[in-house]
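1. Build me a model from this:
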Amino acid sequence: MTEPRLRKASTVKEMENLVDDYVTQGYEILNQGERSALVRKKTWGDSHIMVFFLTVWWTAGLGNIAYALIKHHGAEKVLIKVDESRA
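-> Model prediction:
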C-alpha cells in the first residue's frame, strides 16, 4: 500500500476548507481529528459497468470483483495536516 500524499494547511479553518474541497471532488473522509484528516478517492462505481460487460461471459463477474478490489485498495489517499511551523 502506498503512503498518503501530504497536504499542509496553516490553520484549522484552512484544513476544514481543504477537506470540504476534497469531498466535493469525490473523496471520502477516512479519519478526521482536530488537526489532521485522511481522505481517499472514492472508487466504487468507476468503470465497473464496462468491466462487467467485458468480463461477465468469461469470468462470471469475478473480473469485475477483482477490478473493484484492486482499484479500491490502490486509491489515492491524501493526509491533510495543520502545519505547526507556519502558525
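2. the strands in the protein, which residues?
-> 5-9, 27-32, 36-41, 77-82 (DSSP state E).
3. Indicate which one of those strands is closest to Gly63.
-> With Cβ to Cβ, the closest approach to Gly63 among the strands of the chain belongs to strand 36-41: 21.6 Å. The C-beta positions use only the backbone N, C-alpha and C, and glycine is treated the same way.
4. what sits against the spatially most central residue of the chain?
-> Closest residue to the average C-alpha location of the chain: Arg40 at 1.7 Å, with Cα atoms, centre = their mean. When contacts are counted by Cβ atoms under 8 Å, 6 or more residues apart in numbering, Arg40 touches Tyr27, Glu28, Leu30, Ala75, Glu76, Lys77, Val78.
5. Pairing-wise in the sheet, spell out the partners of Ile29.
-> For Ile29, the beta-bridge partners are Val39 (DSSP bridges).
6. What is the burial count for the nearest residue to Leu6 once chain neighbours are set aside?
-> Once flanking residues are discounted, Leu6 sits nearest to Leu79: 5.2 Å by Cβ to Cβ, 6 or more residues apart in numbering. The number of residues packed near Leu79 is 16, by other Cβ atoms under 10 Å.
7. which stretches of the chain have low pLDDT?
-> By pLDDT under 70, the low-scoring segments of the chain are 1, 44-51, 56-57, 86-87.
8. The same query, at a cut-off of 80, please.
-> 1-2, 43-74, 84-87 (pLDDT under 80).
9. ok, which stretches of the chain are helices?
-> 12-24, 48-59, 62-73 (DSSP state H).
10. Which residues lie in contact with Gly61 in this structure?
-> Contacts of Gly61 (Cβ under 8 Å, 6+ apart): Phe52, Thr55.
11. Many thanks, I have nothing further to ask.
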